[in-house]
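Trainee: how does the following fold in three dimensions:
(one chain, ligands or ions: 1)
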Amino acid sequence: MGYEPLDLFINGQWRKGSGGAGEAVLNPANAQTIGELPHANEADLDEAVVAAVQGFKTWSAMSPFERAAIIRKGMAIVRARADAIAETLTLEEGKPFGEAKGEVLVSADIIDWYADEGCRTYGRVIPARQAGVRHIVQREPVGPCVAFTPWNFPALTPARKIGGALGSGCSLILKPSEETPGTAIAFARALDEAGLPKGVLNIVFGVPSDVSSYLIPKTEIRKVSFTGSTAVGKHLAQMAAAGMKPVTMELGGHAPVIVFDDVDVAKVAKMSVAGKYRNAGQVCISPTRFFIHDKVYGEFVDAFTEMAAAMTVGDGMEKGVRMGPLANDRRLDAMDGFVKDAVANGADLRTGGERIGNQGYFYKPTVLADVPTSARIMNDEPFGPIAPISRFRDLDEVLAESNRLEYGLAAYAFTADTGRATALADGLESGMVGINSFNISMPETPFGGVKGSGYGREGGVEGLESYLTTKFVSQSPA
Ligand code: NAD
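Mentor: Residues are numbered from 1 along each chain as shown. Model prediction:
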């Protein structure tokens, strides 16, 4: 166990970059270097494109059943190595080992699910207007794809791209985050060992903007998938549009959590704390704007604050740790900025609000109460362990406030009233809605947002759909 050496994976070869450039990978729990990551230069990226084109030819010519057998074998290897891969993930990203292992296992499930669903990419036969004519609709993989994934879920976000692309018969050039490269590499090694033909999956690293601006315009690349911030997503979508390439954009969110006065407040507060501080809040569907009914507001804030303040924060490899460090030092500065601004706008800092120690990127689980909508944290995605809480009195008011922002990824509501639950499910402008639950992401369910949170879906049949094109064949007798 420990942190494995890092390589590029191009055309079935594990190797360093030909330009010699690279960067250090740090453990966010202590800011120590744990690995040296090679960068791909333009010649390496050109090779990856050629490999992906050849890989696509090989892979798309195989039956989905043959493809699924290789993918499933790869994921069996991942499961057998789940502890080692989870350690890699915790070392590079910081989340507690248990969370990391859960992520690795669900990522294997996601990739398997796509591989199986790829066997069900049915077309259809449309009745023709003349005898002897056949109208056939067939589904085909779109072609070589590129994907860019972030640091917060080093297994899950690559798994959604690898699963969708490979499950549908496409090849992929994946650029995982340079801050958390080892986990995606471990998945690629498992697929390589399972017999994945060369060029089907290629892994590259570099300066993100250089790699994306070089690869996206390539005529050979037929689809672009990105998970990350809304600002970067808009930029990449524009580049893809210039080449008329379909995109899947999983961008930021700022999920409202609406809690009515007819629920078990202690239970919902406990669920909310678990949801909020998972991965130290660095989750695009993290519950981020808590709107609590006036009648139970005090009870909720007190219960939430008590649990947040008691949370064990530390190195994710240590037993009993509930929350690890933030993934990088940028998040520490961002948290301080959000807290200072909220307090200046009149918010009540109930707990936390500061860094822990000066080694690693630890930040206290933070609760801000009575946060006005003028505070920046009620408008910009916090992406960290801060829970801003405010009160509401009626459904229309809280729906309007929930829908006010550009974001529309996830939303949550807690109520025992079925009519109200339906009104919330229908009224929330969001790609995903959890009613009395924070559980909105499964391999078989569509994941994605509306408005500034992006478009396209990953997971579910919709996820596979986005890697397929439709061909209509009209066949007449000669
Ligand atoms: P960032 O916007 O610079 O980077 C976000 C991700 O996009 C990183 O993985 C980065 O490598 C990648 N990226 C950046 N520019 C790119 C480009 N031109 N081409 C290709 N990839 C590019 O910000 P950051 O400091 O890493 O993260 C901060 C913000 O990003 C957070 O506040 C959050 O809003 C957002 N974020 C969202 C998700 C998500 O799951 N939706 C994940 C990570 C970060």
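Trainee: for the nearest residue to residue 168 once chain neighbours are set aside, grab the count of nearby residues.
Mentor: Nearest non-adjacent residue to residue 168, counting by C-beta to C-beta, 6 or more residues apart in numbering: residue 467, 3.7 Å away. Any C-beta I mention is one placed from the backbone N, CA and C, and that applies to glycine too. Applying other C-beta atoms under 10 Å, we find 30 residues neighbouring residue 467.
Trainee: ok, residue 467 to the ligand distance?
Mentor: To the ligand, residue 467 is 19 Å away according to C-beta to the nearest ligand atom, to the nearest Å.
Trainee: who's in contact with that residue?
Mentor: By C-beta atoms under 8 Å, 6 or more residues apart in numbering, the contact set of residue 467 is 141, 142, 145, 164, 165, 167, 168, 169, 170, 223.
Trainee: from those, which ones fall inside helices?
Mentor: Those of these mapping onto helices are 164, 165, 167, 168, per DSSP state H.
Trainee: so which of those residues comes closest to the ligand?
Mentor: Comparing the ones in helices among the contacts of residue 467 against the ligand with C-beta to the nearest ligand atom places residue 164 closest, at 15.8 Å.
Trainee: wait, doesn't the closest one sit right on residue 225?
Mentor: Yes. Under the criterion of C-beta atoms under 8 Å, residue 164 makes contact with residue 225 at 7.4 Å.
Trainee: so what sits against both of those two?
Mentor: Counting by C-beta under 8 Å, 6+ apart, the residues touching both residue 164 and residue 225 are 248, 458, 466.
Trainee: in strands only, show me the residues you listed.
Mentor: Among the shared contacts of residue 164 and residue 225, DSSP state E puts residue 248 in strands.
Trainee: neighbour count: residue 164 and residue 225, which is higher?
Mentor: residue 164 (31 against 27).
Trainee: can you pull the contacts of that one?
Mentor: By C-beta under 8 Å, 6+ apart, residue 164 lies in contact with 114, 170, 225, 248, 458, 463, 464, 466, 467.
Trainee: let's see 6 Å
Mentor: Applying C-beta atoms under 6 Å, 6 or more residues apart in numbering to residue 164 gives the contacts 114, 463, 467.
Trainee: and residue 401, what element?
Mentor: Per DSSP states H and E, residue 401 falls inside helix 395-402.
Trainee: can you pull the buried residues of that helix?
Mentor: If you call a residue buried by 16 or more other C-beta atoms under 10 Å, then helix 395-402 has these buried ones: 395, 398, 399, 401, 402.
Trainee: and the helix or strand following that helix, average pLDDT?
Mentor: As assigned by DSSP H and E, the chain's next helix or strand after helix 395-402 is strand 410-414. Strand 410-414 carries an average pLDDT of 98.
Trainee: please apply the same query to stretch 223-238.
Mentor: 96.
Trainee: with stretch 40-56 instead?
Mentor: Rounded mean pLDDT across stretch 40-56 is 98.
Trainee: pull it out as CSV, backbone CA atoms only.
Mentor: Only the C-alpha atoms of stretch 40-56 are listed here, as CSV (Å, rounded to 0.1, in the frame of the first residue of the first chain):
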residue,chain,number,x,y,z
ALA,A,40,1.8,15.4,-21.6
ASN,A,41,3.1,17.8,-24.2
GLU,A,42,1.5,18.4,-27.6
ALA,A,43,3.3,15.5,-29.2
ASP,A,44,2.0,13.2,-26.4
LEU,A,45,-1.6,14.6,-26.9
ASP,A,46,-1.3,14.0,-30.6
GLU,A,47,-0.4,10.4,-29.9
ALA,A,48,-3.4,10.1,-27.6
VAL,A,49,-5.7,11.4,-30.3
VAL,A,50,-4.3,8.9,-32.9
ALA,A,51,-4.6,6.1,-30.2
ALA,A,52,-8.2,7.1,-29.4
VAL,A,53,-9.1,7.0,-33.1
GLN,A,54,-7.6,3.5,-33.5
GLY,A,55,-9.0,2.4,-30.1
PHE,A,56,-12.5,3.5,-31.2
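Trainee: mind checking pLDDT for the residue nearest to residue 168?
Mentor: 98.
Trainee: all strands of the stretch 301-450 of the chain, in order?
Mentor: 348-351, 366-369, 386-392, 410-414, 432-435 (DSSP state E, counting those that start in this stretch).
Trainee: between those strands, which one is closest to the ligand.
Mentor: strand 410-414 (10.7 Å).
Trainee: and for that closest one, what's in contact with it?
Mentor: So strand 410-414 is contacted by 253, 255-259, 263, 268, 285, 287, 424, 428, 430, 432-436, 440 (C-beta under 6 Å, 6+ apart).
Trainee: tell me the strands beside that strand, with direction?
Mentor: strand 255-259 (parallel), strand 432-435 (parallel) (DSSP bridges).
Trainee: just those: most buried one?
Mentor: strand 255-259 (a mean of 26; mean count of other C-beta atoms under 10 Å).
Trainee: now residue 337: closest residue in space that isn't a chain neighbour?
Mentor: In space, and not counting its chain neighbours, residue 337 is closest to residue 376: 7.5 Å by C-beta to C-beta, 6+ apart.
Trainee: identify the residue nearest residue 182 in space, chain neighbours excluded?
Mentor: Residue 182's closest residue in space is residue 88 (C-beta to C-beta, 6+ apart), at 4.3 Å.
Trainee: burial count for residue 59?
Mentor: When neighbours are counted by other C-beta under 10 Å, residue 59 comes out with 26.
Trainee: could you do residue 415 as well?
Mentor: The burial count for residue 415: 21, using other C-beta under 10 Å.
Trainee: hey, what's the nearest residue to residue 237 once chain neighbours are set aside bridged with?
Mentor: Distances taken as C-beta to C-beta, 6+ apart place residue 247 nearest to residue 237, at 5.2 Å, with adjacent residues excluded. Per DSSP bridges, residues listed as beta-bridge partners of residue 247: residue 224.
Trainee: kindly report the residues of the stretch 151-300 of the chain close to the ligand.
Mentor: Residues of the stretch 151-300 of the chain found near the ligand (C-beta under 6 Å from any ligand atom) are 151-152, 177, 208-209, 212, 227-229, 232, 236, 250-252, 284.
Trainee: now for those: which two are most distant?
Mentor: 209 and 284 (20.5 Å; C-beta to C-beta).
Trainee: same drill for those two, tell me which one is more crowded.
Mentor: residue 284 (27 against 11).
Trainee: hang on, the more buried one in a strand?
Mentor: No. Per DSSP: H, G, I helix; E, B strand; the rest coil, residue 284 lies outside any strand segment and is coil.
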